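Peer 1: Task: produce atomic coordinates for the following.
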Amino acid sequence: MQEYFKKVVAAAVLALIVAGCGGGSSSPAATPQVMMTVPLAPSIVSVDAGNATATVKFNAPTDNGGATISSYAVSCSSSRETKTATGTASPITVTNLENDTSYACSITATSSVGTSRASAEVLVSPFVNTNPVISTSGVACDYNHDAFNNSPSVNLMSIANWSCGAQGRVLAANGIPDHDVGTFPNANNPNTIAEQSISANFTLSPDLAASATALGGPRGVVGYVLNGVKIDAGTAGSCSNAGANCSLVPPLLGDWSIEALGQTSFDFGDDDNHAHVQPGGEYHYHGIPEGFVSKLNMGAVMTLIGWSADGFPIYARYGHQDAMAADSEVVVIESSYRVKTSPDANRPAIADYPLGTFTQDYEYVAGIGSGLDECNGRQGVTPEFPEGIYHYYATDGFPFLQRCIKGDL
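Peer 2: Residues are numbered from 1 along each chain as shown. The predicted structure is shown next:
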């Protein structure tokens, strides 16, 4: 009998529980919860040694743990130091390493959940390659511009087509600028902008030569801006020793070469782009092509604006304070030239033509400014060449644009 009452009570309690839960109605199914975890470790594909650098190429983790990976961190350690670098995609370059020193490099991935374990280490020894094999084939090979320029002194199509292939880097252009220009002809430049037939080839494997080669004017084109307009910083203007006879056009009247920029004694009729027009209708730059730089609208960063005749790139105004450190501050680059403190012998009188009027008034001093060489170039990292390349600068001061090249032709 006691056992019978126990069963009755149990049944009653169960009935009350069911009634309290809504009787015979069904409860909603539980939503399964997805458990997110830290990502698996990335895997290193290769580590390329450079001058005080290690560039790590890697594959993303095979499982991100359910959350998007926000960043990667590379760590390279030697017996004396550890250097790190972060990024959002492969490759990532670690800088400021000691050359000829062994480093063990690994990489981690981070998501909103946390950071993965480190990948397997790969050893690398940074070094100075005195004869690097350089290729520019993957950079700005498809820069093309084809548009009408309605600037009053132009009113022509502006065409510039770049390509890379078996013939090297090839430019086909008509020399017409792609930005506003000044008034041409004008009182100091009586020439009209006209279309040109430009076909130029540049090597895709530039190599430094034993010595510099002067270019410009009749010696050959020093380079082209991406819009197909020629770089030609010097002038054909000259003065005699006494300074009594001067001319802004050929023939030469003396040994003192007049500068187009940086002086107020002579006016070459150049516009705000530091450019004017040659007798054959060639619009060309003597200094930073301001209209083109403004059109690119890159801001205060290293900005690729063209290619030199030797195949090395040209940048405008900005570069890294430490030439070999991509994480160093971006600053205005200054040339290594300065105005001489006293005039050369037989120079026209300073009272008539202040120092800085003539090319001969400037001297190159290695190590001053931003450490550029006599051709306004240096070895260093750039956005397009994170492992470093020799490159030129267009600067606000003399020589403004390079007058020579350091590479083989």
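
Peer 1: quick one, helices of the stretch 151-300 of the chain?
Peer 2: Ranges of helices within the stretch 151-300 of the chain are 290-296, based on DSSP state H, counting those that start in this stretch.

Peer 1: wait, what's in contact with residue 223?
Peer 2: Going by CB atoms under 8 Å, 6 or more residues apart in numbering, residue 223 touches 231, 306, 307, 308, 309, 314, 392, 402, 405. Heads up, the C-betas are built off the backbone N, CA and C, glycines and all.

Peer 1: ok, 7 Å please
Peer 2: Under the criterion of CB atoms under 7 Å, 6 or more residues apart in numbering, the neighbours of residue 223 are 231, 306, 307, 308, 309, 314.

Peer 1: likewise residue 404?
Peer 2: For residue 404, the contact set (CB under 7 Å, 6+ apart) comprises 212, 213, 214, 215, 374, 375.

Peer 1: Quick one, which of these are buried?
Peer 2: 212, 213, 215, 374, 375 (16 or more other CB atoms under 10 Å).

Peer 1: Which two among the contacts of residue 404 are spaced furthest apart?
Peer 2: Using CB to CB, the contacts of residue 404 span at most 12.9 Å, a distance reached by 215 and 374.

Peer 1: thought residue 55 was touching residue 46?
Peer 2: No. Contact between residue 55 and residue 46 fails when scored by CB atoms under 7 Å: they sit 8.5 Å apart.

Peer 1: Compare neighbour counts for those two and give me the winner.
Peer 2: Higher neighbour count among residue 55 and residue 46: residue 55, with 21 against 12, using other CB atoms under 10 Å.

Peer 1: what about that one, distance to residue 44?
Peer 2: 11 Å (CB to CB, to the nearest Å).

Peer 1: For stretch 40-50, give the mean pLDDT please.
Peer 2: For stretch 40-50, the mean per-residue pLDDT is 90.

Peer 1: contacts for it?
Peer 2: With CB under 7 Å, 6+ apart as the criterion, stretch 40-50 contacts 54-63, 72, 105, 107-109, 116-120, 122, 124-127, 387-388.

Peer 1: of those, buried ones?
Peer 2: Here, 16+ other CB under 10 Å leaves 54-56, 58, 61, 72, 105, 107-109, 116, 118-119, 122, 124, 126, 387-388 buried among the contacts of stretch 40-50.

Peer 1: Grab the nearest non-local neighbour of residue 291.
Peer 2: residue 179 (3.2 Å; CB to CB, 6 or more residues apart in numbering).

Peer 1: Equivalent analysis for residue 320, please.
Peer 2: residue 328 (4.7 Å).

Peer 1: What's the local residue count around that neighbour?
Peer 2: Neighbours of residue 328 (other CB under 10 Å): 16.

Peer 1: what ranges do the strands span in the stretch 301-409 of the chain?
Peer 2: Per DSSP state E, counting those that start in this stretch, the stretch 301-409 of the chain carries strands over the ranges 304-308, 313-316, 318-320, 330-332, 337-339, 362-364, 377-380, 389-394, 404-407.

Peer 1: quick one, which of these is nearest to residue 275?
Peer 2: That would be strand 389-394 among those, by CB to CB, at 12.1 Å.

Peer 1: which helices and strands sit right next to the closest one?
Peer 2: strand 313-316, strand 377-380 (3 or more CB pairs under 7 Å, 6 or more residues apart in numbering; DSSP states H and E).

Peer 1: residues touching the residue lying closest to residue 156 once chain neighbours are set aside, list them.
Peer 2: In space, residue 156 comes closest to residue 176 once its chain neighbours are excluded; the distance is 5.0 Å by CB to CB, 6+ apart. By CB under 7 Å, 6+ apart, the contact list for residue 176 reads 149, 154, 156, 157, 158, 159, 193, 195.

Peer 1: Closest one of the residues you listed to residue 227?
Peer 2: The closest of the contacts of residue 176, once distances to residue 227 are taken by CB to CB, is residue 158, at 6.8 Å.
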